[in-house]
Structures are given as C-alpha cells and as structure tokens.
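[1] Using only what follows, build the 3D model:
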Amino acid sequence: MKDREDLLNIKQAARFLNVSEASLRRWTNSGRLNCLRVGGRRERRFRRADLLTFAGGPAPAGSAVSVAPHTRDRETGGFPVSLGSHLCGLYASDLSRVSITVAFLADALRPGSVCYFVAAPEVRDQVLTHLERRRPSVPADVDAGRLVLSEYAASVPGQYDYWETSFSAAVQKGARTLRVVGDVSGGLGQRLAPREVVEYEVGLHPMLQRFRVETTLCLYDVRRSSGLDVLDVLKCHQDVFRYPVERLFS
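    Below you'll find the predicted structure:
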C-alpha cells in the first residue's frame, strides 16, 4: 500500500522535476527514465526514488558529457572553470553585461566544447561584435556548432525542453564539455515575476548536473532588481562565492 501511495502520476512527476509532461513522455519512451504502467490505459506512474536519481544522481548512459578529472577545478585564461558550477553575473550597464559575457565566451570556445549563448538579438549582436575582436574565428565557431545562439523560450517548460533537446543533441554529436551563458533578465526576467525566475533556476540545476554541464553563467540586471531579488538570485547560485567578485559582478 505504501509503494502505491508513493507513486506519482505524470502531472505530479512533471511538477516534482520542474519539467514539462512532454519531456517525461520522451524520456520514458527512450528508456532514460523508469516508470510503471498501470490500469487498462497503461498510464505512467513514477517512483519518487527514480525521479530523485534521475534529477541528481549519476547520469544515464549516453545522456551526459564525460569530463576528465583534471577539469574539476582549473582556470582557463581569465575566467574560472569548475565542473558543475552554476554561477550568476550581476551587471549595472549594457557595457558591463558585454564585458562579463565576452570574458566567459572567449574562454569557453575550444575544440570539443559546445557553448550556448541565450539572449535577445540586439544583446547577442553587441556581444559578438566585441567577442570577434578577441577571437576573430567567432563566425567559424558558430558555423561549426561550438557557439550556439538562441533566445529564451516563451515559457519555462519551453526553455527546459530547449535545454534537454540541445544538450542531448550535443552529446550525441560527441561534445566533451558544455557551457551555458544566458541573459536571464533580458529574457525570462521580462515575462516572469522574480519568484518565478528563481523557481526556473532551481528547476534547471538538476538538469545541469545530469548532463554535467561544466559551467553555467546566468546574467542579471541589477538596475531592474530590488535588493531582496538580488539576494534570492545569489542564494540559488551559491557557487558564485567561490570566485573573485570582480569577475562576475560589474
């Protein structure tokens, strides 16, 4: 009886993982996430233990990037690299946003790596202009898929689905490391309440761990945030306190 009570339906499981029901169907159909089938309609039921393992435990075979032990803590150029770091960058001007992003991307673009840059088109254009001055090969990086450009989806489930699909595709193509930088304030931050943005970040973290994303940098505009909002952002990006403040706050 207890085991039956511990089973979640697909709606409850989606809420538990902060993902869409479509993602759960895709993962169970591919065999990456265990589920039970009950009743004449063969409806999906999920054990909490299976969901917790999927979210924070070892990544399923073929779904995560293999990273050599020496990448766990190192510094490449001017930006820190640590396996699984989920950081936030705080900017108070358009120029400081560009500065933080360029420093991150310049170090991220290397053979075997895929870096995702998510921002509004006008922000991407500003960043790419400055980035090309440091790295003239940027157009080739985009063409080769080392730098993937996109905008934030219209909803949180849509953005989760984008990450799931993109990370899976990169791994299948042989990417050894994944890195992410996103202008959250200029994307989801314009459509969601601050509390909802923090919930998105918290829900994203298990996926970053599952795919072993090397470093994720989420950018926030302090001009649009209250002190309490900034505090909430820092609380869900505790890795930031391991790095020199001047590299992430501008």
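
[2] for residue 90, helix, strand, or coil?
    strand (DSSP: H, G, I helix; E, B strand; the rest coil).

[3] ignore the last one, residue 117
    Classified using three-state DSSP, residue 117 is strand.

[4] does it really touch residue 147, like I thought?
    Yes: counting by CB atoms under 8 Å, residue 147 is a contact partner of residue 117 at 6.4 Å. Using the backbone N, CA and C atoms, a C-beta is placed for each residue, glycine as well.

[5] what's the overlap in contacts for the two?
    Here residue 117 and residue 147 have residue 105 as joint contacts, going by CB atoms under 8 Å, 6 or more residues apart in numbering.

[6] So residue 111, which state does it fall into?
    Going by three-state DSSP: residue 111 is coil.

[7] pLDDT at it, what is it?
    Residue 111 is assigned 82 on the pLDDT scale.

[8] The closest residue to it other than its chain neighbours and residue 105: what is the separation?
    Nearest residue to residue 111, sequence neighbours excluded (CB to CB, 6 or more residues apart in numbering): residue 146, at 7.9 Å. Distance, residue 146 to residue 105, using CB to CB, to the nearest Å: 10 Å.

[9] now swap in residue 206 and tell me
    Residue 206 is 25 Å from residue 105, by CB to CB.

[10] Comparing those two, which residue is more hemmed in?
    Per other CB atoms under 10 Å, whichever of residue 206 and residue 105 has more neighbours is residue 105, with 24 against 18.

[11] so which strand or helix has that one?
    Element membership for residue 105, per DSSP states H and E: helix 94-108.

[12] now swap in residue 46 and tell me
    strand 43-47.

[13] what packs against that strand?
    Under the contact criterion of 3 or more CB pairs under 8 Å, 6 or more residues apart in numbering; DSSP states H and E, strand 43-47 touches strand 7-8, helix 10-17, helix 21-30, strand 36-38.

[14] Would you reformat those as CSV and include mean neighbour count, distance to residue 195 and mean pLDDT?
    CSV is the format used below for these (neighbours: other CB atoms under 10 Å; distance: least, CB to CB, whole Å; pLDDT from 0 to 100):
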stretch, mean neighbour count, distance to residue 195, mean pLDDT
strand 7-8, 18, 24, 88
helix 10-17, 17, 16, 84
helix 21-30, 16, 23, 83
strand 36-38, 13, 34, 90
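
[15] what about the ones you listed, which gets the closest to residue 130?
    Minimum separation from residue 130 across these (CB to CB) falls at helix 21-30, 35.2 Å.

[16] so what does the closest one touch, helix or strand wise?
    helix 10-17, strand 43-47, helix 156-172.

[17] Can you give the contact residues for the first one?
    By that I understand helix 10-17. Contacts of helix 10-17 (CB under 8 Å, 6+ apart): 8, 20-21, 23-25, 43-44, 46, 48, 51, 54-55, 203, 206.
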